[in-house]
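dropping a prediction and its sequence here:
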Amino acid sequence: MTATQSPTRAAQTGTAPRSRGRSGRRQQVVGSLSVLATLLLAWQFLPTALGTPSYVVPVFSDVMRALLDPAAFPRYLDAAAATMTEVFLGLAIGVTLGLALAITLAQLPTVYGIVFPYIVAIESIPKVAVAPLFVIWFGFGLPSKVVVVVLLAFFPVLVNTIHGLRSVDRDQIDLFRVNGASPMQMRVRLLVPASLPQIFSGLELAVANAMIGAIVAEFVGAQKGLGVLILQAQGRMETPAVFALLIILSALGITLNVLVRLLRRIVVTWEPH
Amino acid sequence: MRPLVELDHLGKVYSTRTGDVVALQDVSLTIDEGEFVAVVGPSGCGKTTLLKILANLEEHTHGVGILGAKELGGGRSSDVGMVFQKATLLPWLDILANVLLPVTLERRATPADKETALGLLRMVGLEDFARKRPNELSGGMQQRAAICRALVHEPSLLLMDEPFGALDAMTRDALNVEVNRIWRETHKTAVLITHSIPEAVFLAERVIVMSPRPGRIVEEISIPFGKERTLELMGTAEFAALCARIRRHFEVSAA
């Protein structure tokens, strides 16, 4: 009967593509690593071969020397701590505000209709352009950076969460209504969990945006942070240090992105990877 | 038998920009306790609207409807269990928690509630899947779990809205036999909405035939096959004759 056959069928179709996917994944990893090795080799030998001066494109080993310089290390650490403080504070505030406003708007269709064109309009302006204004308003310290990060993290979370909340299955909503769910139960036990995949998509964008926001805000005017160090290294034409700082920034950005995706896997267990 | 559902000239009119649309007109219908009624008709005949009014998901605009001791409408939630076309299980809950949802939306589930839920899952052969997630089950198994969910809070009326429309023919037949067994074992009053005439004749004691524009009842047919139904029934001449009699209505309206 179907009751005994279908689970095995489900189990087979469930594992077969996964094992195929695993060997395909190994191939991808090997491929990616070979590309990286090739690029690094080219970086090490091409500038010298082409006679490019070190202050334009330093060879890879010079960049690594700048990156691992014990004298520079405390400065890097301080700056990274400052930048990441801006990023995390801004993310915490921006994501919370984005989620809260999305959930509120999803319950108020009329207000949503009024506000939506403004959200679209603000979404489409390049928000980093207002960073100089925020420096005037909030000064050279932490607050002006956090405000830029908040602004950049807020919109992707808002837009994606609203999209998620509005695309919750009609029948699931009817199911909750038939069983007399309160508006609070509807939110907490249906709308928000059902929107988690979209919320996480928004969060991934917010994290990438937050890094951009913090660095740009530091370029515009700051006392410390990785953006400040990049500007200083540029001023002294220490191109290897600029590259070293870019590597630190990339590593931090990638780490944050991986953390969000890991969290997504842990929370959204029903999503096919 | 006491009547559970009494509809008296029930009607539903939607106001749209291009004018009023009559979705249901003069639907008068009595359903006794323990009865299995199927409503058939082409799309647009208002059968889903009728079901939603019974579930208090929509309000009627004309006439009177009573379910149990309560009048329908007025934004109350009604004492029904609902099975949708899709299983509509929540993917973040395991099967047991999904089945218990109507209970947990009302109060904290007791061990007795869990026993009830597990008993229902046993009845449909899913007791070993209580801790699995919906995506680990086949479509037919998911729909079985959805039926358990509709029964767990012991509603007085079981509503099914084309519950097997999305399943393949073989699974569909097997589930129809199972619904018949569940109905006999639980003595529930059941209303099935379907566009499959054989499914309606196979499951119901009474088939309500509806016709579109405006949605109204055109015939009520008693199905004289007793309570227990087997798939062999579908091969009999009597079964075919009943199906043909119902189908005639739609051939006329399509012409």
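Done, it's in. Predicted model, so just to flag it, every value in this text is computed and none were measured.

what is the neighbour count of A:Cys172?
Wrong residue type there; residue A:172 is Gln, not Cys. Using other CB atoms under 10 Å in any protein chain shown, A:Gln172 is surrounded by 18 other residues. C-beta coordinates here come from the backbone N, C-alpha and C atoms, glycine included.

and the strands in the chain, which stretches?
Going with chain A. For chain A, no strands are identified by DSSP state E.

look at chain B instead
Using DSSP E, strands in chain B cover B:3-16, B:19-32, B:36-40, B:62-67, B:70-71, B:80-83, B:157-161, B:189-194, B:206-211, B:216-222.

of those, which is nearest A:Ser124?
strand B:3-16 (34.0 Å; CB to CB).

how far does that closest one sit from the chain's center?
Offset of strand B:3-16 from its chain centre (CA atoms, centre = their mean, to the nearest Å): 17 Å.

now that strand: mean pLDDT?
In this model, strand B:3-16 has an average pLDDT of 90.

and it with strand B:36-40, angle?
20 degrees (axes from the mean of the first three to the mean of the last three CA atoms, to 10 degrees).

give me the pLDDT for the spatially most central residue of chain A.
Here the mean C-alpha position of chain A is nearest to the C-alpha of A:Val207 (CA atoms, centre = their mean), at a distance of 2.5 Å. On pLDDT, A:Val207 comes in at 96.

cool, A:Ala66 as well?
As summarised for this prediction, A:Ala66 has a pLDDT of 89.

quick one: A:Leu46 from chain B, how far?
50 Å (CB to the nearest CB, to the nearest Å).

who's in contact with that residue?
For A:Leu46, the contact set (CB atoms under 8 Å, 6 or more residues apart in numbering or on different chains) comprises A:Thr52.

gap between the residue nearest to the spatial centre of chain B and A:Ile162?
Of all residues in chain B, the one closest to the mean position by CA atoms, centre = their mean is B:Met160, 2.0 Å from it. From B:Met160 across to A:Ile162, the span is 33 Å (CB to CB, to the nearest Å).

B:Lys227 too?
50 Å.

so the two - more neighbours on which side?
The neighbour count for B:Lys227 versus A:Ile162, taken as other CB under 10 Å, is higher for A:Ile162 (22 against 11).

so what's the more buried one up against?
A:102, A:105-106, A:112 are the contacts of A:Ile162 under CB under 8 Å, 6+ apart.

and the pLDDT at it?
Reading off the confidence values, A:Ile162 has pLDDT 92.

same deal with B:Gly139?
pLDDT, B:Gly139: 89.

now it. Nearest residue, chain neighbours left out?
B:Leu167 (5.6 Å; CB to CB, 6 or more residues apart in numbering or on different chains).

model confidence at that neighbour, what's the number?
pLDDT, B:Leu167: 83.

any idea how far it lies from B:Gln142?
Taken as CB to CB, the span from B:Leu167 to B:Gln142 is 10 Å.

the more surrounded of these two?
Per other CB under 10 Å, whichever of B:Leu167 and B:Gln142 has more neighbours is B:Gln142, with 23 against 20.
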